[in-house]
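Participant: missing the sequence, but the structure's below:
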């Protein structure tokens, strides 16, 4: 087993970053539900490093001014990217407007970073997120890992990697329904088949933001909101603002002038109101703040 430490340059809250509803591809080693304030909580995920097709586990925790990682390979660069440790939160905050709600959210949850999950896992997990509570979404992803994912070992413990497109494409709709995916089951299977056949969600990285969002809606079960989640939390479009129920309630109460009727026009107006380039960061802070008040 390999182990490393990443010195922190700037504020970082590991628990907020991984328990704020951005990612369903990490899980707590202790198996507890999200919401604990235990500062020593350890989190796990899996990855495929470089050209190696075999998945590898990664475990992280916070220790003072460092993030400590453990894995079967030198995972420092992967951890740094996945947790957004190179983001300059000072620059992010300076780009947002002088706004009471934005400032209140930043003050309350300072140190939350935007994750960078693998695009396929992010795509599937957000397809599963429709009309679901966080605990149930995590449960779905856990069952997908344990049923279809490749076993991996770390420090004598066996975990399961997130399924590949081929592994999920080979699943039957009934097998996925048996994991409580419900009506999402054919969406997940058909999207996995599209990716297995060569349609890669990460290929939109070179497209302008709104074009990239439209391109992602080609996947089965992916509307504009899910596409925005993938763009923001996997593909580094930090201006993306997923408009879910919480955000629409926020618009109604705090920014009614941003409601322009259509998803695209409302998203564009709110993106401008929240500072443009890093509007997705402001949205993520506000989203978590309103959910936890």
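Facilitator: Nice, thanks for sending it over. All figures in this text were calculated on a predicted structure; none of them were measured in a lab.
Participant: tell me the secondary structure at the residue of the chain most remote from its centre.
Facilitator: Distance from the C-alpha centroid of the chain peaks at residue 257, with 28.6 Å (C-alpha atoms, centre = their mean). With DSSP: H, G, I helix; E, B strand; the rest coil as the basis, residue 257 sits in helix.
Participant: what does the pLDDT read for it?
Facilitator: At residue 257 the predicted local confidence, pLDDT, stands at 96.
Participant: one more: residue 22?
Facilitator: pLDDT, residue 22: 93.
Participant: count the residues that sit near it.
Facilitator: If you count neighbours by other C-beta atoms under 10 Å, residue 22 ends up with 25. Where you see a C-beta, it was placed from the backbone N, CA and C, and this is true even at glycine.
Participant: quick check: it is in a helix.
Facilitator: No: under three-state DSSP, residue 22 falls outside any helix and is assigned coil.
Participant: from the chain's centre, how far out does stretch 6-22 sit?
Facilitator: 13 Å (C-alpha atoms, centre = their mean, to the nearest Å).
Participant: show the end-to-end separation of that stretch, please.
Facilitator: 22 Å (C-alpha to C-alpha, to the nearest Å).
Participant: show me what counts as buried in that stretch.
Facilitator: Of the residues in stretch 6-22, those with enough neighbours to count as buried (16 or more other C-beta atoms under 10 Å) are 6, 12-22.
Participant: list the ones among the residues you listed that fall in strands.
Facilitator: Of these, the ones assigned to strands by DSSP state E are residue 6.
Participant: among the buried residues of stretch 6-22, which pair sits farthest apart?
Facilitator: Among these, the pair separated by the greatest distance (C-beta to C-beta) is 6 and 21, at 23.7 Å.
Participant: and the helices in the stretch 101-250 of the chain?
Facilitator: Along the stretch 101-250 of the chain, counting by DSSP state H, counting those that start in this stretch, helices occupy 119-128, 134-148, 165-169, 173-177, 184-196, 209-216, 224-233, 245-254.
Participant: and the pLDDT for the closest residue to residue 155 other than its chain neighbours?
Facilitator: Closest residue in space to residue 155, ignoring its immediate chain neighbours: residue 1 at 5.6 Å, by C-beta to C-beta, 6 or more residues apart in numbering. On pLDDT, residue 1 comes in at 89.
Participant: also residue 145?
Facilitator: Value for residue 145, per-residue pLDDT: 96.
Participant: I'd like the distance between the closest residue to it other than its chain neighbours and residue 146.
Facilitator: With C-beta to C-beta, 6+ apart as the criterion, residue 145 has its nearest non-adjacent residue at 4.2 Å, and that residue is residue 160. Look at residue 160 and residue 146: by C-beta to C-beta, to the nearest Å, they are 5 Å apart.
Participant: those two - which one has more neighbours?
Facilitator: Using other C-beta under 10 Å as the criterion, residue 160 and residue 146 rank with residue 160 on top: 18 against 13.
Participant: now, among the buried residues of stretch 6-22, which is nearest to residue 61?
Facilitator: residue 14 (7.1 Å).
Participant: so that closest one touches residue 59, yeah?
Facilitator: No: using C-beta atoms under 8 Å, residue 14 is not in contact with residue 59, being 12.0 Å away.
Participant: residues that sit against both of those two, list them.
Facilitator: By the contact definition C-beta atoms under 8 Å, 6 or more residues apart in numbering, residue 14 and residue 59 are jointly contacted by residue 43.
Participant: list the contacts of the nearest residue to residue 237 once chain neighbours are set aside.
Facilitator: Nearest-residue entry for residue 237: residue 231, 3.9 Å, with adjacent residues in sequence omitted and distances by C-beta to C-beta, 6+ apart. Applying C-beta under 8 Å, 6+ apart to residue 231 gives the contacts 204, 209, 212-213, 216, 237, 240.
Participant: okay, those residues in a markdown table with pLDDT next?
Facilitator: Output for the contacts of residue 231, formatted as a markdown table (pLDDT from 0 to 100):
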| residue | pLDDT |
| --- | --- |
| 204 | 96 |
| 209 | 97 |
| 212 | 98 |
| 213 | 98 |
| 216 | 98 |
| 237 | 98 |
| 240 | 97 |
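Participant: what's the longest strand in the protein?
Facilitator: In the chain, with assignment by DSSP E, the single longest strand is strand 55-63.
Participant: that strand pairs with which strands, and in what direction?
Facilitator: In the sheet, strand 55-63 lines up against strand 43-48 (antiparallel), strand 66-71 (antiparallel) (DSSP bridges).
Participant: pLDDT averaged over it - what is it?
Facilitator: Per-residue pLDDT over strand 55-63 has a mean of 96.
Participant: show me what that strand is in contact with.
Facilitator: Defining contact as C-beta under 8 Å, 6+ apart, one finds that strand 55-63 is touched by 5, 12, 14, 29, 39-49, 67-73, 75, 78-79, 82-83, 149-150, 152-155, 159, 161-162.
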